[in-house]
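Enquirer: Got a sequence here, can you build the structure:
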Amino acid sequence: MQNKLDRTIIPENKDLPCYNFPDFDINTHSSGIKVYTAENNTHPLVNFKVIFKHGAAHDKIPGLAHFCSLMMTRGSSNRTAEEIDSQTDYIGAILSGGAAWDSTAMHVLAMSEFIEEGISILSDCVMNPVFADDEIARLKKKQISSIDLQLSDIDYLGNLALYASLFESTPYGHSLQGTKDSVSLINRDDCVEFHNTMMQESEISIIVSGNMSKDRVFELIDKYFDFSSNKVSKDPGFSVQSINKNSITLIQKADSSQTALRIAKIVVDRLHPDYMPVQMLNTVLSGYFMSRLNELLREKYGYTYGVHSNIQGRRHSSAFIMSAALKKDATKHSIEVIFDEMNKISAVPLSEEECYTAKRYVLGSFLRTTETADQMSSMLHVINQFNLPNDYFSRFYKNFSELTPADLLEAQAKYFRPENMIIAAAGDLDYIASELRSYGDINICDSNGRLSNYNSSKK
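Expert: Below is the predicted model of the structure:
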């Protein structure tokens, strides 16, 4: 008779895998732009990406960067939107544009034998977008409908309330894709101005990963791109300040039986010595399925399908953000459980076993981040975005694997006390407000991300 597998016992493997971040090169093109190349001939794909360090934080109208990045693929001086779509489809490529908070990126992913055709289309979108009025009207209608749909999503509302409060009065404080009102204001002149500024004044880089040599990359850049007018202007930057007490921001989701809960605070960035300990502690607390809070809120109390947290990095800010969808009547007790566990983790050293299990999860997940051309491009984008040293990820893996419970003690006390926290929640506003009054001042957030005092709104 064969032995049955006992699925209550986690398979034990005490060896941490060895890892070296894939080789890549950084060179400067004659135009002055940085070019990142990561050649990998084991698969046939190539990801070619153009990055501008000019994103939604530079919006003069909320949602403009996002809108403009989508419009750049909707017609050029040489191709209509339909021709761009049909030519991209014909070679089996993926062409896309998108804006993040600190950058805008345009990229094409294609088989190596068709990548030059893809780059030809990409360069036309980057260099020669026309921002036709009929395409702008079509995209505005689509974006407004998308925002309208998202406003019925409790998770979207929870994030809206969180970011409006966490980044209040900073360039990060609005919705990345804008609001229905702001998108309706965008016109062709706004798109042209954003594109011109991006092309002429922002720092530009190109990242190429996959089955293409460095020499071939430079040959195609020379053939299809002209960045001679680019004169980088210094970004004045800004800072995001931590609040000095706990604060609550609520947004209404009428008749909801759930609460979309978000808890956050400003922490350290990737280059700070405490970043790796903070990342480890985030994992132990609520960063993976076997975390403390998932064990409590999901397994013990049955309040949620899962709680999750991460360290969300932006160029001018880094934040610890925890999220969960909860039963409405469990909202207050869930926060009590979360704060109680934060008090524990801020004061009591981790066990060797708990530290090791979390470490294996983080490192094992990290191993999967450079398997494809698309993933490798994303990792190099992070190095570019945050001006990280070339060997950052190799050192991160090595140093993270060497962390011990003793290395975490200072960060536990410094960053994980339940103090100076933003509590944001979407759901039955008045019910949640009555439950959470003891946690701090209450603000409400409307569908445009505007904040007001809860008590004033009730008068």
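Enquirer: Which strand residues bridge residue 263?
Expert: In this structure, residue 263 bridges to residue 322, residue 423 when assessed by DSSP bridges.
Enquirer: Let the chain start at 38 from now.
Expert: Renumbered: residue one is now 38, and that last one reads residue 300.
Enquirer: Give me the spatial nearest neighbour of residue 325, chain neighbours excluded.
Expert: Using CB to CB, 6 or more residues apart in numbering and skipping the chain neighbours, the partner closest in space to residue 325 is residue 398 (5.0 Å). (Each C-beta comes from the backbone N, C-alpha and C, glycine too.)
Enquirer: Counting neighbours, what do you get for the one you found?
Expert: Neighbour count for residue 398, taken as other CB atoms under 10 Å: 17.
Enquirer: what are the phi and psi angles of it?
Expert: For residue 398, the backbone dihedrals (degrees, to the nearest 10) come out as phi -60, psi -50.
Enquirer: which residues touch the one helix or strand residue 125 maps to?
Expert: Using DSSP states H and E, residue 125 falls within helix 118-127. By CB atoms under 8 Å, 6 or more residues apart in numbering, the list of residues contacting helix 118-127 from outside reads 110-113, 116, 131-132, 145, 154-155, 158, 161-162, 169, 172.
Enquirer: rerun at 7 Å
Expert: The contact list for helix 118-127 (CB atoms under 7 Å, 6 or more residues apart in numbering) reads 110-112, 132, 158, 162, 172.
Enquirer: And for stretch 286-294?
Expert: 191, 194, 197-198, 201-202, 365, 459, 461-466, 469-470, 479-482, 488, 491.
Enquirer: Any buried residues in it, and which?
Expert: Buried positions in stretch 286-294, judged by neighbour count with 16 or more other CB atoms under 10 Å: 286-290, 293.
Enquirer: export these to TSV and tack on distance to residue 328 and secondary structure?
Expert: Shown next, in TSV, are the buried residues of stretch 286-294 (distance: CB to CB, whole Å; DSSP: H, G, I helix; E, B strand; the rest coil):
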residue	distance to residue 328	secondary structure
286	25	strand
287	26	strand
288	26	strand
289	30	strand
290	26	coil
293	26	coil
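Enquirer: re the thing from before, filter the contacts of helix 118-127 down to the ones in strands?
Expert: residue 132 (DSSP state E).
Enquirer: Which one of the contacts of helix 118-127 is nearest to residue 260?
Expert: Nearest to residue 260 among these: residue 158, at 13.4 Å, using CB to CB.
Enquirer: residue contacts, that closest one?
Expert: Taking CB under 7 Å, 6+ apart, we find residue 158 in contact with 121, 124-125, 132, 145.
Enquirer: For the nearest residue to residue 102 once chain neighbours are set aside, give me phi and psi.
Expert: Take residue 102 and drop its neighbours on the chain: the residue closest to it by CB to CB, 6+ apart is residue 136, 3.8 Å away. Dihedral angles of residue 136 (phi, psi; degrees, to the nearest 10) stand at phi -120, psi 140.
Enquirer: so residue 136 touches residue 91, yeah?
Expert: No: the pair formed by residue 136 and residue 91 falls short of the contact definition of CB atoms under 7 Å, at 8.8 Å.
Enquirer: Those two - which one has more neighbours?
Expert: More neighbours surround residue 136 than the other of residue 136 and residue 91, with 27 against 24 (other CB under 10 Å).
Enquirer: Burial check on residue 339, number of neighbours?
Expert: By other CB under 10 Å, the residues close to residue 339 number 10.
Enquirer: any idea whether it is helix, strand or coil?
Expert: coil (DSSP: H, G, I helix; E, B strand; the rest coil).
Enquirer: Buried residues of stretch 43-61, list them for me.
Expert: By neighbour count with 16+ other CB under 10 Å, stretch 43-61 contains the buried residues 58, 61.
Enquirer: Does residue 63 lie in a helix or a strand, and which?
Expert: Remark: residue 63 resides in strand 62-65, with elements defined by DSSP H and E.
Enquirer: quick one, strands of the chain?
Expert: Going by DSSP E, the chain shows strands at 62-65, 71-76, 82-89, 131-136, 141-148, 241-247, 284-289, 295-303, 344-351, 354-364, 459-464, 478-482, 488-490.
Enquirer: Tell me where this structure is predicted with low confidence.
Expert: Scanning the chain for pLDDT under 70 picks out 38-40, 47-51, 493-496.
Enquirer: in the sheet, who's paired with the residue nearest the centre of the chain?
Expert: Among the residues of the chain, the one closest to the centroid is residue 349, at 6.4 Å (CA atoms, centre = their mean). Under DSSP bridges, the beta-bridge partners of residue 349 are residue 356.
Enquirer: Kindly provide the distance from it to residue 138.
Expert: To residue 138, residue 349 is 10 Å away according to CB to CB, to the nearest Å.
Enquirer: Go through stretch 229-249 and flag the buried ones.
Expert: Buried residues in stretch 229-249, counted by 16+ other CB under 10 Å: 231-232, 235-236, 238-249.
Enquirer: what's the answer for stretch 446-466, then?
Expert: Residues of stretch 446-466 classed as buried by neighbour count (16+ other CB under 10 Å): 446, 448-449, 452-456, 458-466.
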